[in-house]
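Q: Fold the following and give me the result.
(one chain, ligands or ions: 1)
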Amino acid sequence: MATRIGSDEQMQAPAATMLDPSRLPYPFCPGCGHGHILDALDRALVRLGRPAHEVAIVTDIGCVGLSDQYFVTHAFHGLHGRAVTYATGIKLARPELTVVVLIGDGGCGIGGHHLISAARRNVGVTVLVFDNFNFGMTGGQHSVLTPSGSITATTPAGNLEAPMDVAATAAVNGASFVARTTAFDPGLDALIYEALSTDGFALLDIWELCTAYFVPNNRFSRKAMEAMLASSGMASGVLVHRQRPELARTLASASQGAPASRVAPAAGGRAGGIEPRFQSRLERRRSLTLAGAAGEKVRSAATVLARAAVLSGLYATQRDDYPVTVMTGHSISELVVSPEPIGYTGVPAPDILVVTAPEGAGVTASLPSRMGPGTRIYVEHSLAGRIGATRASVEPFYADRLGKRAAALAVLAAVAEREGLVSAEALRASVDMESRETVAQEMRQALEERQTVWEPAAPSRKVT
Ligand code: SF4
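A: A predicted model of the protein is given here:
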């Protein structure tokens, strides 16, 4: 789930808006329909009246994928076309959440099977299709929803294919609620609210304008779109609204009376199947951001700490961030560990920031200024000059003598011990749970060397 910067009040109570005003305005091209739909979604969510931490927004790739960061809800952003699968997983794990998918017409093609399966299974999620008839972010290529004859970057002589009717497809496959309208519809809020209130799979196909590509390529306009909707042969308004058993509840009732699983399901950030074996002195929630580079095993190191926390009877969450490239660029892990269940997993500004590489320092450059008194920054000594003004205390560490694959875990373990997050025994036990023995060996070595990070390496002798 992505980082959110909402206040505790916004996370806990019904709010006047689910948008984060400090992040607005939206980044879309002038006239783009996305903003209309997001505003309508906000109003529908407010009317729904659920606190932000009971709502999860899952975004697909494309311009629509930029949307979740403007809401103070939970968020998940993943691979192109797979948003419905992530939403399905979230809904099955946490059936009490309101789960909303924001997807473009491009994602509907890439993830068409997922849409059909979710409708067929009647998973209780709401899918809003931001349907502007082309891939906007990548330059206006045609999608499965592009109308016949349309000019796009990939159909310069006019689209020869017939568009898929995504609404009819969802309806015929068993969705509980399906509707089609445009982003200009004054009743859009109400339709979204109805979809959100549906106990089952809901899909809204919302036609809108991509002013960067589809509009200029096709001399398109709001009027033309409304005329096209009327003459397309595709139904508009509410196509389907019916009662069908919702999947998460069907599974829950089917599992009643079934033999108990040997592994408890994950809940509230406590990893299923891990029995606490150690004591923790931690009295309150602490957050930690580990900022390093690809190849430093940053995420593995964070997982070792998170697992050690669970072994110590704590709750833990981990969120990773890295670029699409492999073995290059930044690698960031955000951890939350707490003696209480973790409702909000976001880390607007961590209690502890650990910087191991220039790549991580660059991506987290804005954090030090947001960190308050009593927080701490541990920084690789050669990067200390990259930490800007901060009220956090700054402490250097020395990882020169450690290999690149060992530094992140050694430093994280040393910091975790110093900060009283978990014990060395819990860290060792966590490493023992690593399934790949060669990796576990490397990790054990890193743990053994953790205390060396507080001592400057001796200058190398000159050979004469
Ligand atoms: S490229 Fe198209 S879809 Fe993307 S922001 Fe611009 S107008 Fe909107």
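Q: didn't residue 56 look like it was pressed against residue 102?
A: No. With contact defined as CB atoms under 8 Å, residue 56 and residue 102 do not form a contacting pair (11.3 Å). (Glycine included, C-beta is placed from N, CA and C.)
Q: The two: which has the busier surroundings?
A: Neighbours of residue 56 and residue 102, each counted by other CB atoms under 10 Å, are more numerous for residue 102; the result is 29 against 24.
Q: strands paired with the helix or strand hosting the more buried one, and their directions?
A: For residue 102, the enclosing helix or strand under DSSP states H and E is strand 98-104. Using DSSP bridges, the strands paired with strand 98-104 are strand 55-59 (parallel), strand 125-131 (parallel).
Q: which parts of that strand are buried?
A: In terms of neighbour count (16 or more other CB atoms under 10 Å), strand 98-104 has its buried residues at 98-104.
Q: Does it reach the ligand?
A: No. Looking at strand 98-104 against the ligand by CB under 6 Å from any ligand atom, there are no contacts, and the closest approach is 7.5 Å.
Q: So what's the gap between that strand and the chain middle?
A: Between the mean C-alpha point of strand 98-104 and the mean C-alpha point of its chain there is a distance of 12 Å (CA atoms, centre = their mean, to the nearest Å).
Q: From the contact counts, what lies against whichever strand or helix holds residue 203?
A: Residue 203 belongs to strand 202-207 when elements are defined using DSSP H and E. Using 3 or more CB pairs under 8 Å, 6 or more residues apart in numbering; DSSP states H and E as the contact criterion, the elements in contact with strand 202-207 are strand 125-131, helix 166-172, strand 177-182, helix 188-197, helix 222-231.
Q: who touches the shortest one?
A: With CB atoms under 8 Å, 6 or more residues apart in numbering as the contact definition, strand 177-182 has outside contacts at 167-168, 170-171, 187-188, 191, 194-195, 198, 200-208, 222, 225-226, 229, 234-242.
Q: if you set the cut-off to 6 Å instead, what comes out?
A: By CB atoms under 6 Å, 6 or more residues apart in numbering, the list of residues contacting strand 177-182 from outside reads 167, 170-171, 191, 195, 198, 202-205, 207, 236, 238-241.
Q: What of the fourth one?
A: Counting by CB under 6 Å, 6+ apart, helix 188-197 makes contact with 40-41, 43-44, 47-48, 126, 177, 179, 181, 202, 204, all of which sit outside it.
Q: Give me the PyMOL select line for those residues, limited to the buried ones.
A: Selecting in PyMOL just the buried members of those, where the criterion is 16+ other CB under 10 Å, is done with this command:
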select buried, resi 40+41+43+44+48+126+177+179+181+202+204
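Q: May I have the secondary structure class of residue 291?
A: With DSSP: H, G, I helix; E, B strand; the rest coil as the basis, residue 291 sits in strand.
Q: in the stretch 201-350 of the chain, which spans are helices?
A: If DSSP state H, counting those that start in this stretch is used as the criterion, the helices of the stretch 201-350 of the chain fall at 214-218, 222-231, 247-255, 298-311.
Q: touching the ligand at all, the second one?
A: No. Residues of helix 222-231 contacting the ligand under CB under 6 Å from any ligand atom: none, with a closest distance of 13.5 Å.
Q: Count the neighbours of the residue of the stretch 251-400 of the chain found nearest the ligand for me.
A: Of the residues in the stretch 251-400 of the chain, the one nearest the ligand is residue 324, at a distance of 18.8 Å by CB to the nearest ligand atom. By the measure other CB under 10 Å, the count of residues near residue 324 is 6.
Q: what separates it from residue 414, distance-wise?
A: In this structure, residue 324 lies at 31 Å from residue 414, with CB to CB, to the nearest Å as the measure.
Q: Next: residue 32.
A: For residue 32, the distance to residue 414 (CB to CB) stands at 48 Å.
Q: ok, now residue 132?
A: The gap separating residue 132 from residue 414 is 51 Å, by CB to CB.
Q: And the two? Which one has more around it.
A: More neighbours surround residue 132 than the other of residue 132 and residue 414, with 33 against 23 (other CB under 10 Å).
Q: isn't that one right next to residue 208, touching?
A: Yes. Using CB atoms under 6 Å, residue 132 is in contact with residue 208, at 5.0 Å.
Q: residues in contact with the residue of the stretch 101-250 of the chain found nearest the ligand?
A: Evaluated by CB to the nearest ligand atom, the stretch 101-250 of the chain has residue 136 as its residue closest to the ligand, separated by 2.8 Å. For residue 136, the contacting residues are 63, 210, taking CB under 6 Å, 6+ apart as the criterion.
Q: Kindly recompute the last result at 7 Å.
A: For residue 136, the contacting residues are 62-63, 210, 212-213, by CB atoms under 7 Å, 6 or more residues apart in numbering.
Q: how about the residues of the stretch 101-250 of the chain near the ligand?
A: Taking CB under 6 Å from any ligand atom as the criterion, the neighbours of the ligand within the stretch 101-250 of the chain are 132, 136-137, 210-213.
Q: Make TSV out of those residues and add distance to residue 445 and pLDDT.
A: Formatted as TSV, those follow (distance: CB to CB, whole Å; pLDDT from 0 to 100):
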residue	distance to residue 445	pLDDT
132	53	98
136	49	94
137	44	93
210	53	96
211	56	96
212	52	96
213	53	96
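Q: Tell me where the model's unsure across this structure.
A: Along the chain, segments meeting pLDDT under 70 span 1-14, 257-272, 458-464.
Q: returning to that earlier point: got a winner among the contacts of residue 136 for most neighbours?
A: Going by other CB under 10 Å, residue 210 tops these with 30 neighbours.
Q: Now it. Its backbone dihedrals?
A: The phi and psi values for residue 210, taken as degrees, to the nearest 10, are phi -100, psi 100.
Q: In contact with it, which residues?
A: Remark: with contacts taken as CB under 7 Å, 6+ apart, residue 210 is in contact with 32, 132, 134, 136.
Q: let's see 10 Å
A: Shown in contact with residue 210 (CB atoms under 10 Å, 6 or more residues apart in numbering): 28-29, 31-34, 63, 104-105, 130-137, 140, 152, 216-218, 220.
Q: how much space between it and residue 226?
A: Looking at residue 210 against residue 226, where the rule is CB to CB, the gap reads 16 Å.
Q: hang on, the earlier thing: could you export the helices and strands packed on strand 202-207 as a markdown table, including distance to residue 309?
A: Converted to a markdown table, these look like this (distance: least, CB to CB, whole Å):
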| stretch | distance to residue 309 |
| --- | --- |
| strand 125-131 | 30 |
| helix 166-172 | 41 |
| strand 177-182 | 41 |
| helix 188-197 | 34 |
| helix 222-231 | 52 |
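Q: and of the ones you listed, who's closest to residue 290?
A: Across the helices and strands packed on strand 202-207, the minimum distance to residue 290, taken as CB to CB, is reached by strand 125-131, at 31.9 Å.
Q: who does whichever helix or strand comes after the closest one pair up with?
A: Sequence-wise, the next helix or strand downstream of strand 125-131 (DSSP H and E) is strand 134-135. On the basis of DSSP bridges, the sheet neighbours of strand 134-135 come out as strand 141-142 (antiparallel).
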